[in-house]
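**Student:** Build me a model:
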Amino acid sequence: MSAKEEIEVLINRSREAQKQIENYTQEQVDELIRAMVWSVAKPGMAEEIAQFTVDETQLGNYDGKFLKIQRKTRATLMDIIDDKSVGILEEDSERAIVKIAKPMGVIGALSPSTNPEATPVIKSIHAVKGRNSIIVAPHPRAKLTNKKICDLMREAIVKCGAPADLVQAIEIPSLELTNELMAQCDRVLATGGGAMVNAAYSSGTPALG
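**Tutor:** Predicted coordinates for the structure are as follows:
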């Protein structure tokens with residue numbers, strides 16, 4: 001299977017999942033993102049992920065990784081949990097303008113080797129908060145950490161009655177697959193070095209780097 005076809009399969013699954021939540025209420029999406037964060041930040045699991053990340057990437061240290069997975073993810077959740085992301089966001093009666101939140105679709109997310117434990121979680125909860133689905137392309141040095149994190153969030157999503165494919169991981173990453181993801185998704189979220197962010201901005205897809 002070519003890189004193009006491989007990504008097409010993931011994108012199609014992602015679109016199917018996204019369609020199933022595009023009419024979710026604010027309460028439903030907020031329940032999902034709470035469950036996603038708890039799945040990785042809960043006592044016992046946060047410690048396991050921190051050690052796993054250091055072992056795989058050989059970057060950073062246990063204490064730093066633990067704080068990121070256990071505290072940074074929850075702090076981000078607290079930052080966004082009360083934000084309105086469904087329905088009417090703003091009304092300007094003088095100019096007769098109403099702003100209504102609408103999902104973008106499939107988010108393609110690039111995750112770095114230096115922060116592979118918190119980045120997929122933070123990007124995923126932002127995507128789902130807006131009733132989007134997400135596909136995470138990890139750095140090859142952190143592919144197992146990324147899969148572990150995404151699998152935990154997928155389990156949490158299913159327990160809430162939503163489709164697991166709202167969050168997917170590229171399990172065997174390559175430059176070709178990442179470039180293909182950026183070309184086929186609806187919006188790119190890129191975290192990484194200058195070259196990666198420049199590649200995202202040059203992908204032809206709207207990107208936030």
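
**Student:** Return the alpha-carbon coordinates of stretch 88-98 using PDB.
**Tutor:** Output of stretch 88-98 as PDB, limited to C-alpha atoms (Å, rounded to 0.1, in the frame of the first residue of the first chain):
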ATOM      1  CA  ILE A  88     -23.700  30.300  19.100                       C
ATOM      2  CA  LEU A  89     -20.500  31.800  20.400                       C
ATOM      3  CA  GLU A  90     -21.100  35.400  19.900                       C
ATOM      4  CA  GLU A  91     -23.900  37.800  18.800                       C
ATOM      5  CA  ASP A  92     -23.400  41.300  17.500                       C
ATOM      6  CA  SER A  93     -26.900  42.700  17.300                       C
ATOM      7  CA  GLU A  94     -25.700  46.100  16.000                       C
ATOM      8  CA  ARG A  95     -24.100  44.600  12.900                       C
ATOM      9  CA  ALA A  96     -26.500  41.600  12.800                       C
ATOM     10  CA  ILE A  97     -23.700  39.100  13.000                       C
ATOM     11  CA  VAL A  98     -24.000  35.700  14.700                       C
END
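
**Student:** Identify the residues contacting that stretch?
**Tutor:** Contact with stretch 88-98 is made by 99-101, as judged by Cβ atoms under 8 Å, 6 or more residues apart in numbering. (Each C-beta comes from the backbone N, C-alpha and C, glycine too.)

**Student:** Strands along this protein, start to end?
**Tutor:** Remark: strands assigned in the chain by DSSP state E are 87-92, 97-101, 106-111, 133-138, 167-169, 187-190, 207-208.

**Student:** so how far is the second one off the chain centroid?
**Tutor:** Distance of strand 97-101 from the chain centroid (Cα atoms, centre = their mean, to the nearest Å) equals 25 Å.

**Student:** same thing with stretch 194-209?
**Tutor:** Going by Cα atoms, centre = their mean, where stretch 194-209 is centred and where its chain is centred differ by 17 Å.

**Student:** how far does it stretch from start to finish?
**Tutor:** One end of stretch 194-209 sits 9 Å from the other (Cα to Cα, to the nearest Å).
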